[in-house]
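Asks: Model the following, please.
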Amino acid sequence: MDEENAFELLQRYRRDRRVLLNFILSANLVKKVVMPPGAVSLDDVDLDQVSIDYVLSCAKKGEMLELSEAIRAYHDNTGFPAMNNAGSADEFFLVTSPDLSGSPPRRAPPPIPVCTPLPILSNSNLSKSQSFHSQQLQELTVDDIEDFEDDDDDEEEVDSLRAPRRNPNNASDLVLGLPPFATGITDDDLRETAYEVLLASAGASGGLIVPSKEKKKDKKSRLMRKLVRSKSDNVEPQPQRASGLAGLLETMRTQLEISQVMDVRTRQGLVNALVGKAGKRMDTLLVPLELLHCIARTEFSDRKAYVRWQKRQLNMLEEGLINHPVVGFGESGRKANDLRILLAKIEESESLPPSTGEIQRTECLRSLREIAIPLAERPARGDLTGEVCHWADGYHVNVKLYEKLLFSVFDILDEGKLTEEVEEILELLKLTWRILGISETIHYTCYAWVLFHQFVVTGELGLLQHVIGQLKKIPLKEQRGPQERLHLKSLCSKVEVEGRFRELTFLQSYLSPIQKWADKQLGDYHLHFAESSLLMEEIVTVAMVVQRLLLEDSDVVMLEYGMATDRDQIESYITSSVKHAFVRAVEVTAAMAVQEHSLALLAEETKKLLKKESTIYMPILSQWDPQATLVSASLLHKLYGNKLKPFVDGVEHLTEDVVSVFPAADSLEHCVLAFIASATGEENVDAYCKQKLSLYQIETISGTLVMRWVNSQLGRILGWVERAIQQERWDPISAQQRHGSSIVEVFRIVEETVDQLFALKVPMRYGELSCLFRGIDNSFQVYANHVIDKLVSKEDLIPPAPVLTRYKKESGIKAFVKKEVIDPRLPDERRSSQINVLSTPKLCVLLNTLYYAISQLNKLEDSIWERWTKKGPRDNFGIKRSVDDKMRSSVQKDAFDGSRKDINAGIDRICEFTGTKIIFWDLREQFIDNLYKPSVSQSRLESLIDPLDVVLNQLCDVIVEPLRDRIVTALLQASLDGFLRVILDGGPSRVFYHTDAKLLEEDLDILKEFFISGGDGLPRGAVENLVARVRHVIKFHGCETRVLIDDLKSGSSLAVQGNGSKLGADTQTLLRILCHRNDSEASQFLKKQYKIPKSAA
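Replies: As a prediction, this is how the structure comes out:
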């Protein structure tokens, strides 16, 4: 587009250069002009290849100008910067005063394309533009070109070929709905005729003044003075514009690019036309006909200019009176045919010999007046004959002429701005309404069209705001008078649209192109308004106002001119533009999809579109359609859903593509729902989705895939748990890490699984998280159970209690000496080996391992919840929210509870096992078997303190600090159990006197203080609570035999009645104390009452 603009501007600058150079060469500014070989006149010279510097130098020096040398100088200097060759490098020319000329043009001239200079060759057969290369030299003096002195028709001829001076934006789509002119009238013909209409209208107001001849002559001398002034001369300021109508007409002449010669000639012709027509208004004249009568051929510099001028006048008569008349011919139909014949004869007269041709022309003009005047003065709209002249009142000529006049409101230097005199010009143009049949509605419509066309050409936003203002001024049907309504209804044109002819009203002809242009822009507003939302807002306003005018103008709503309502129109824009933008996004992502799936990229591009919609376009479109946001979001959701569905339907497992596409698609849907929520309110999203949206169901599908993946991973974890347990040797990893290596391996595989799950980034529900928690919980339960399975039962550690026997004299000694029979219930060799493998350090490692598991389990749970929170499960805007909330609360409440219970139970079990093993297995001989043998006084508990201290130090060296008290407490508990075993189930080898109670009490205190360890061990209160039950049994040992027997007897009878013994001891405890009592009375009582055999048995 920039290259096209540059090319258009270059052509414009070249045309202006030719006009100026032509004027200098034909205005007696050069002493003598010598034509190049083969050239007869300046028409044969290619002025583009004439050096202006060379020409100006000859003019200032008063030398003869040889155009062949000027052409040679042009080619020689093509590769060098432009110089003025006037001496000082600082010299430059100003045609106007810088204070009065305003700001310079804002556009820089385009670069001149590099071209190879053509050599000057002789060829008699060259074309007109190359004819200066011929060998025949002909000199053309200033006297020979005197005919050019008072005529600028060469300028006019060049102007007629000049392209409109507009910024070359593409306005090809903006074409009026009017049929083409049959006579081939050009834009320049319309522009010149429009100026003639303006002069006639001004003449009717008494404002037409014919300039004097001196004015034109003064022009040449003024230009000459500017060309030859020295650099020290002050520039004379340009004369101010004349005030009033005369000055305004001069401005219009400049704006319409009319030469002064043509201006003077037309004014004089119109004035002469009124001679002899007393009381006749100038605006009731048949202007083309009067000018044909009043302007002679001699007033033109050459025949070609006159023929072109005459052809234009004849074409205007034909178009206005015959081709597009405002009033039907009726009985004048024959006259219309005669008029065509006369117009053809007048044109034909120019090809006849001068004498014959002039006679034919004169006769035809006389006959033309007789036919044309009645046709032009046919009454219309209730006017009287002679009041108006309808030669240019027929629709299409009138509006095209008025359009050319309206184009004069733009600044020549900056065509995107209105000239300062715009209000005066518009007021002046009202004078033409009588001739052109312009009404208020037609004026505002044409002016809006002109402004809009100029906006499309220049891109100036300010013009668009003027367009909106003019469109809003167009009266609605009920605001127009009945006469104007009838007139507008009669203005119809038959135009070929898409291969068939259609009748269009005036408003449709002018506003439909605007509507279609706006529809095309807004139909892809993502492309055309990617940067400027303000421009889009104005275009939308134009489109909506135009649509209302068209709908109001048409009796039947036609879809090609717009939808039935503003909402339909806006939604059509959204639908069209979003589809175009989405198609472009699909093409872009398809080209980019190398490492990432195209659907994932497309989702991101669609999100960008959605964001752009919400921030740039929807605030504008929502002004006209409150549902615009919903339409846009729903459409984008549907378009992407159509692309996503085949992919989703084919998904069976979690793959790289799924992990790439699903999060992107879910994120897009979430954005769409948030976009909808912003428009409808969050509480209404659920209802809207059920009615309008088909959700992607990404969470559901993804959840199923994730569940499959989680289950497979959980199976893998269980396999690792089994393997880790089998390979574990229960040695501490290091002095600092006193747990087993298997738990570290289990946590590694679990955390790896969790990392992989959250790395998927696919949408997940709380159900999948719950499954993960349950699986991990089960894995640690399995681990804890495997650890506990390493232990043997407590019964395997504790020897069975001996059979109760009563005291027999010397039985204690005999029993002590005699070798006792081994109880068959003791553990076998294999079980003993299994027990011995679990040494105290290994049991401490087991405990440390389980403690490490439960402490790390808390960290793992916190980590999972933290990552789940960061992952941010999407807000479903009420969809299944209550179900998710219930599931979340249940997951949070029950997470890892099973494994925590099992691990804590395992720790308690191992602690109990460890204490029991130490006392009943490791220290069995010292404690269980030999304590208080043969008597209490001979084997005190004090002898066990050193072995216990060794064991306790061994425990504290390996066990972790948080478990120290638990394992020591278990050891204390086992020690007390062993102590009770000795004093209650010590077997026939142990006998006690009631006096031994004091010694037993002392031993118990020794054991108690050992575990309290002066405050460094267990808390005193906890130890006292555990020791209390043993102290209670020792108290019974201190009772007399008779007291025990009596209490046992009373206890038995009271037990029948539901009461306990007086001493508070149970029957079994008293019975066992009596069995171990070294007393005949006790022996006799047991024999008689309980049939207990003697110890010898």
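
Asks: Buried residues in stretch 465-472, which are they?
Replies: By 16 or more other Cβ atoms under 10 Å, the buried positions in stretch 465-472 come out as 466-468, 470-471. C-betas here are computed from N, CA, C, even on glycine.

Asks: how many neighbours does Ser832 have?
Replies: 14 (other Cβ atoms under 10 Å).

Asks: Where do the helices of the stretch 351-500 of the chain begin and end?
Replies: Using DSSP state H, counting those that start in this stretch, the helices of the stretch 351-500 of the chain run over 354-376, 397-406, 422-429, 433-436, 440-458, 461-473, 482-490.

Asks: Number of residues surrounding Gly269?
Replies: Using other Cβ under 10 Å, Gly269 has 21 other residues around it.

Asks: Okay, buried residues for the helix or strand it falls within please.
Replies: Taking DSSP states H and E as the definition, Gly269 sits inside helix 260-273. Going by neighbour count (16+ other Cβ under 10 Å), the buried part of helix 260-273 is 260-271, 273.

Asks: In those, which has the lowest confidence score?
Replies: The lowest pLDDT within those belongs to Ala273, with 85.

Asks: Skipping its backbone neighbours, what lies nearest that one in space?
Replies: Glu290 (3.6 Å; Cβ to Cβ, 6 or more residues apart in numbering).

Asks: Wait, the one you found touches Val271, no?
Replies: No. Glu290 is beyond contact range of Val271, at 10.3 Å (criterion: Cβ atoms under 8 Å).

Asks: picking up where we left off before, run through the neighbouring helices and strands of the helix holding Gly269.
Replies: helix 153-160, helix 187-204, helix 213-228, helix 287-294 (3 or more Cβ pairs under 8 Å, 6 or more residues apart in numbering; DSSP states H and E).

Asks: tell me, how many neighbours does Ser614 end up with?
Replies: Using other Cβ under 10 Å, Ser614 has 18 neighbouring residues.

Asks: what's the pLDDT at it?
Replies: pLDDT, Ser614: 89.

Asks: Check the gap between it and Thr186 for me.
Replies: 50 Å (Cβ to Cβ, to the nearest Å).

Asks: what about the stretch 801-950 of the chain, any weak spots by pLDDT?
Replies: The model of the stretch 801-950 of the chain has pLDDT under 70 over residues 809-830, 872-894.

Asks: any idea where the helices of the stretch 651-800 of the chain begin and end?
Replies: Here the stretch 651-800 of the chain has its helices, by DSSP H, counting those that start in this stretch, at 656-680, 685-692, 698-727, 741-760, 766-789, 794-797.

Asks: quick check: angle from the second one to helix 656-680?
Replies: Relative orientation of helix 685-692 versus helix 656-680 (axes from the mean of the first three to the mean of the last three Cα atoms, to 10 degrees): 110 degrees.

Asks: got it, and the third one?
Replies: Computed with the same axes, to 10 degrees, the direction of helix 698-727 lies at 140 degrees from that of helix 656-680.

Asks: what's helix 698-727 packed up against?
Replies: When contacts are defined as 3+ Cβ pairs under 8 Å, 6+ apart, helix 698-727 sits against helix 656-680, helix 741-760, helix 766-789.

Asks: These into a markdown table, with extra columns for mean neighbour count?
Replies: Written out in a markdown table, the entries for these read as follows (neighbours: other Cβ atoms under 10 Å):
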| stretch | mean neighbour count |
| --- | --- |
| helix 656-680 | 20 |
| helix 741-760 | 18 |
| helix 766-789 | 20 |
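
Asks: Turn those into JSON lines, columns for mean pLDDT and distance to Ser1050.
Replies: JSON lines is the format used below for these (pLDDT from 0 to 100; distance: least, Cβ to Cβ, whole Å):
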{"stretch": "helix 656-680", "mean pLDDT": "89", "distance to Ser1050": "81"}
{"stretch": "helix 741-760", "mean pLDDT": "92", "distance to Ser1050": "57"}
{"stretch": "helix 766-789", "mean pLDDT": "91", "distance to Ser1050": "45"}
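
Asks: rewinding a little: pipe the buried residues of stretch 465-472 into CSV and attach pLDDT per row.
Replies: Putting the buried residues of stretch 465-472 into CSV (pLDDT from 0 to 100) gives the following:
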residue, pLDDT
His466, 92
Val467, 93
Ile468, 93
Gln470, 93
Leu471, 92
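
Asks: Just the closest of the residues you listed to Asn953, please.
Replies: Ile468 (97.4 Å; Cβ to Cβ).

Asks: element containing the closest residue to that closest one other than its chain neighbours?
Replies: Among residues not flanking Ile468 along the chain, Thr541 sits closest, at 5.4 Å (Cβ to Cβ, 6+ apart). Secondary structure from DSSP H and E places Thr541 in helix 533-553.

Asks: Show me what whatever helix or strand comes next after that helix packs onto, helices and strands only.
Replies: Downstream of helix 533-553, the first helix or strand assigned by DSSP H and E is helix 566-592. Under the contact definition 3+ Cβ pairs under 8 Å, 6+ apart, helix 566-592 sits against helix 506-522, helix 525-528, helix 533-553, helix 598-612, helix 618-621, helix 628-649.

Asks: which stretch among the helices and strands packed on helix 698-727 comes nearest Ser301?
Replies: With Cβ to Cβ as the yardstick, what comes closest out of these is helix 656-680 (71.0 Å).

Asks: The closest one vs helix 741-760, what angle?
Replies: 60 degrees.

Asks: Tabulate the CA atom coordinates of stretch 408-420 in CSV.
Replies: Once non-C-alpha atoms are left out, stretch 408-420 reads as follows in CSV (Å, rounded to 0.1, in the frame of the first residue of the first chain):
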residue,chain,number,x,y,z
SER,A,408,-14.3,22.0,-2.5
VAL,A,409,-14.6,22.1,1.3
PHE,A,410,-11.3,20.2,1.8
ASP,A,411,-8.0,22.0,2.4
ILE,A,412,-5.7,21.7,-0.6
LEU,A,413,-2.6,21.3,1.5
ASP,A,414,-4.1,18.8,3.9
GLU,A,415,-6.9,16.9,2.2
GLY,A,416,-7.9,15.3,5.5
LYS,A,417,-8.9,18.7,6.9
LEU,A,418,-11.8,21.0,6.2
THR,A,419,-10.8,24.4,4.9
GLU,A,420,-11.3,27.4,7.1
